[in-house]
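Chemist: Got a predicted structure here, sequence first:
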Amino acid sequence: MKTELVVTDLLDPLDWPGERRLFLGILPDAANALQLAALLPHIAAPAKPVAARNLHLTLLFLGQSTAMQARQLTEALTRLQLPAFAVMLDQWLVWPGPAVLCLAGDVVDPALAELYSTLCEVAAAIGFAPPQHDLKPHITVARHSKYLPALPLLRMQLHASALVLFHSESTQAGVCYRPLWQWPLR
C-alpha cells in the first residue's frame with residue numbers, strides 16, 4: 001500500500017533569520033490587474049515590463065527588516081482601525097532616477113493621507129527609517145525606462161480594501177514581491 005505524504009506549510013511567514021527587504025502596499029483588484037497586465041506586452045525595449053503578478057501600489061518602503069521588526073509592525077497595525085481609500089491613477093510617468101515607468105495619481109482622498117501618516121508614525125516608533133520621498137501613489141509597470149512610451153490614456157480607480165506587507169525577494173527569475181501579511185482596511 002502506497003502512503004502519500006501530505007506536507008502543510010506550518011512555517012510562520014513572519015519568522016526568518018537575518019533581514020528581508022520589506023514594504024507596505026496594496027494589491028490591485030482583479031479587474032485593474034487584468035487591465036494593467038494587458039498593457040505590459042505593448043511596452044517596448046529597452047524598458048522591461050514587470051511581471052503581472054508583481055503589480056502593486058507601494059505605500060511605504062521599509063527597507064531591510066528583521067522578523068522581529070515585521071512582527072512588531074503587524075501587531076501594532078492590527079490594533080488600529082486603518083481607513084480604506086480610493087485613488088485615481090491617470091498619469092503615465094517616467095522617473096529617471098530609478099528609471100521606472102508607472103501609472104500614477106495624486107493624493108486626493110483624505111483617508112489615503114491619514115493612512116500614510118499612520119503607517120509612517122507606526123513604522124518610526126518601531127525604528128524604521130523615515131520615507132525618503134513624499135507619497136506619490138503609483139503602480140510600476142516597467143523598469144529600465146528612459147522615456148515615456150506611447151501608451152493609451154488610462155484612468156484607473158483603485159479601491160484599497162486591504163493593506164499588505166510584502167517581501168521584495170531577488171530570485172533567478174528576477175524580483176518577486178511576496179505577500180507576507182494582510183490586514184483589512186475599514
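Modeler: Structure's in. What do you need?
Chemist: Contact partners for Phe61?
Modeler: 23, 131-132 (CB atoms under 8 Å, 6 or more residues apart in numbering). Using the backbone N, CA and C atoms, a C-beta is placed for each residue, glycine as well.
Chemist: wait, I meant Pro152
Modeler: Neighbour list for Pro152: Leu39 [criterion: CB under 8 Å, 6+ apart].
Chemist: do Leu60 as well
Modeler: Per CB under 8 Å, 6+ apart, neighbours of Leu60: 23-25, 116, 119-120, 123, 131.
Chemist: Now do the strands in the chain.
Modeler: Secondary structure of the chain (DSSP state E): strands at 19-26, 48-49, 57-66, 85-95, 100-105, 138-143, 156-160, 162-171, 174-184.
Chemist: Counting by contacts, list what the longest helix belonging to the chain packs against.
Modeler: For the chain, the longest helix by residue count, based on DSSP state H, is helix 110-126. Contact partners of helix 110-126 among helices and strands, from 3 or more CB pairs under 8 Å, 6 or more residues apart in numbering; DSSP states H and E: strand 57-66, helix 67-78, strand 85-95.
Chemist: Which residues outside that helix are in contact with it?
Modeler: In contact with helix 110-126 (CB under 8 Å, 6+ apart) are residues 24, 59-60, 62, 69, 72-73, 76-77, 80, 82-87, 107, 130-131, 135, 137, 160, 163, 185.
Chemist: filter the residues you listed to the buried ones?
Modeler: The neighbour-count test (16 or more other CB atoms under 10 Å) marks 24, 59-60, 62, 69, 72-73, 77, 82-85, 87, 131, 135, 137, 160, 163, 185 as buried among the contacts of helix 110-126.
Chemist: picking that back up, just curious, which of the contacts of Phe61 is nearest to Leu101?
Modeler: Nearest to Leu101 out of these is Phe23 (CB to CB; 18.7 Å).
Chemist: for that closest one, what are its contacts?
Modeler: Contacts of Phe23 by CB under 8 Å, 6+ apart are 58-62, 165-166, 168.
Chemist: returning to what we had before: how about the longest helix of the chain, which residues are buried there?
Modeler: 111-112, 115-116, 118-120, 122-123, 126.
Chemist: sorry, back to before: nearest to Pro13, of the strands of the chain?
Modeler: Closest among the strands of the chain, once you apply CB to CB, is strand 174-184, at 4.5 Å.
Chemist: Give the partner strands of that closest one in its sheet and their orientations.
Modeler: strand 162-171 (antiparallel) (DSSP bridges).
Chemist: quick one: the strand it pairs with to chain centroid distance?
Modeler: How far strand 162-171 lies from its chain's middle: 7 Å, per CA atoms, centre = their mean, to the nearest Å.
Chemist: CA atoms only for it - export them in CSV, please.
Modeler: C-alpha atoms of strand 162-171 as CSV (Å, rounded to 0.1, in the frame of the first residue of the first chain):
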residue,chain,number,x,y,z
ALA,A,162,-6.5,45.5,2.5
LEU,A,163,-3.0,46.5,3.5
VAL,A,164,-0.3,44.0,2.5
LEU,A,165,3.2,43.6,3.9
PHE,A,166,5.4,42.5,1.0
HIS,A,167,8.9,40.9,0.9
SER,A,168,10.9,42.1,-2.1
GLU,A,169,12.8,38.9,-3.0
SER,A,170,15.6,38.6,-5.6
THR,A,171,15.3,35.3,-7.5
